[in-house]
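# no sequence on hand, only this structure:
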């Protein structure tokens, strides 16, 4: 159960990060106007999960983060890479921060999650409430996670969340 909570919260944060980085990116790829780094920090700070990333946004390794997101038969696979391996120790610290936050969030009601999480993190939270299960592992240069369900209706929700993340990141 602890691994599940860690994975849930890390997944929430990663997708929120992906969303906001895409939002701040090239206007041709993003659906929103460009955001400055300070605007991104302000947005991240509003979300219980995303705020864990703010201390790392000025680090040299932070802009080297990249993602891959794939649909699977029963859900999705998310792969995160840290392009500058000198940042892996801090990345692992970030992972631990998500673990701590997950211990808090697991006690929340849906209403509390809606108040404390950004829209994208709320989407991930909703997947878990709908019966999705996730698991994450650190890799030599980042992490890999799976979010799956045996319920066809939940798999559709997972695929929709993956599609949204790819669109926001310009991965389509």
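Looks like it arrived, so ask away. All values reported here derive from a predicted model rather than from experimental measurement. Residues are numbered from 1 along each chain as shown.
# excluding chain neighbours, what is closest to residue 76?
Spatial nearest neighbour of residue 76, excluding adjacent residues (C-beta to C-beta, 6 or more residues apart in numbering): residue 162 at 4.1 Å. For the C-beta atoms, the positions are set from N, CA and C on the backbone; glycine is no exception.
# show me the helices in this protein, by range?
2-24, 37-45, 88-105, 110-116, 119-129, 152-169 (DSSP state H).
# low-confidence stretches in this protein?
1-33 (pLDDT under 70).
# of the helices of the chain, which is nearest residue 137?
Between residue 137 and the helices of the chain, the tightest spacing by C-beta to C-beta is seen for helix 2-24, at 8.8 Å.
# ok, now which ones touch the residue nearest to residue 76?
69, 70, 71, 76, 78 (C-beta atoms under 8 Å, 6 or more residues apart in numbering).
# show me what the fourth one is bridged to.
To tie it back to what came earlier, the one meant is residue 76. residue 71, residue 147 (DSSP bridges).
# run a quick neighbour tally on it.
24 (other C-beta atoms under 10 Å).
# residue 144 is in contact with that one, correct?
No: taking C-beta atoms under 8 Å as the definition, residue 76 is not a contact partner of residue 144, at 11.3 Å.
# quick revisit: now the contacts of residue 162 in CSV, with distance to residue 43?
Output for the contacts of residue 162, formatted as CSV (distance: C-beta to C-beta, whole Å):
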residue, distance to residue 43
69, 21
70, 27
71, 27
76, 24
78, 21
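# ok, these vs residue 127, which is closest?
residue 76 (9.6 Å).
# quick one: that closest one from residue 91, how far?
21 Å (C-beta to C-beta, to the nearest Å).
# now stretch 49-63: buried residues?
By neighbour count on 16 or more other C-beta atoms under 10 Å, the buried set for stretch 49-63 is 49, 50, 51, 52, 53, 56, 61, 62.
# let's have these in a markdown table, adding distance to residue 105.
What follows is these, written out as a markdown table (distance: C-beta to C-beta, whole Å):
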| residue | distance to residue 105 |
| --- | --- |
| 49 | 7 |
| 50 | 12 |
| 51 | 12 |
| 52 | 12 |
| 53 | 15 |
| 56 | 20 |
| 61 | 26 |
| 62 | 23 |
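# now for those, which pair is the farthest apart?
For those, and using C-beta to C-beta, no pair is farther apart than 49 and 61, which are 19.8 Å apart.
# give me the neighbour count for the closest residue to residue 80 other than its chain neighbours.
What sits nearest to residue 80 in space, not counting adjacent residues and going by C-beta to C-beta, 6+ apart, is residue 142, at 4.3 Å. Neighbourhood size, residue 142 [other C-beta under 10 Å]: 20.
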